[in-house]
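J.: any chance you can model this:
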Amino acid sequence: MRRASIGATFNFYRDGDGADVRCHRLRTYLEARESAPLLLVGEAAGHRGARVSGIPFTSERQLTGRGPAEATATIVRRTLAELGLEQETLCWNVVPTHPHRPARSDTNRPPTHAEVEASRPFLRELARGRTVVAVGRVAQAVLEAPYVRHPSHGGATEFRAGLLRFAAGGLQSRRFL
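T.: Numbers count the residues shown, from 1 in each chain. Okay, the predicted model is just below:
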C-alpha cells in the first residue's frame, strides 16, 4: 500500500505524519486476519477513520482512546464484536486510500471510476477464498457482491440484521469480480 498511487486520493500509508505507524498497523491487522473467511468492503477510507488509524472501519479513538471518532467505524466494530465475527472478518474498502475534495482533506468524496479500477488488484488479492460482503449500495455496485445496509444515517439496525443473516447462513465462499 505504501507505494500505491490511486488517482487523486491521499495515500495515508505513504504520506503525512504517522504514515509509518499506519503502515505497521495495517500490516499487523492483515496478518491477524489472514485466515478470516469474511471480507467486509466499504466504499473508501474516510477522513476520520482509516485515514487516521490506518485500519479500515476503525477510528483512532477505538485504537488509542484519543483522536477522532468515526460513527460508521464504531457501529461496524461493535456489531462484529456482538455477533462474534470480529476475528472472522477482514475489513477493507473498494478504494483503500482517502478520496477528498480538492484542498479539503477533512472531507470525503465518492471515488472516481479510475480510482475504483486502480484499486481492483488489492480487492482481488484480499477476496481470494473469502465471502465478500459489500457495505452499502456504492460498494455493492462496484463489487457485484451481496450487500448489507451501510450503518450510517440510521442504518445500524439493518446493518446488524444483514450481517446476522450472513453469519446464520454460514460464511461460504462466493466468487468475486
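
J.: tell me the pLDDT at residue 68?
T.: At residue 68, the model reports a pLDDT of 89.

J.: repeat that for residue 113.
T.: Residue 113 is assigned 95 on the pLDDT scale.

J.: and the helix or strand containing residue 91, how far from the chain's centre?
T.: Secondary structure from DSSP states H and E places residue 91 in strand 89-95. Between the centre of strand 89-95 and the centre of its chain there are 3 Å (Cα atoms, centre = their mean, to the nearest Å).

J.: average model confidence for it?
T.: 97.

J.: which outside residues touch it?
T.: 6, 9, 30, 33, 36, 38-45, 50, 55-58, 76, 80, 111, 115-116, 119, 122-123, 126, 130, 138-139, 142-143 (Cβ atoms under 8 Å, 6 or more residues apart in numbering). Using the backbone N, CA and C atoms, a C-beta is placed for each residue, glycine as well.

J.: try stretch 21-37
T.: For stretch 21-37, contacts defined as Cβ under 8 Å, 6+ apart pick out 1-2, 12-13, 53-55, 63, 87-90, 129-131, 171, 173.
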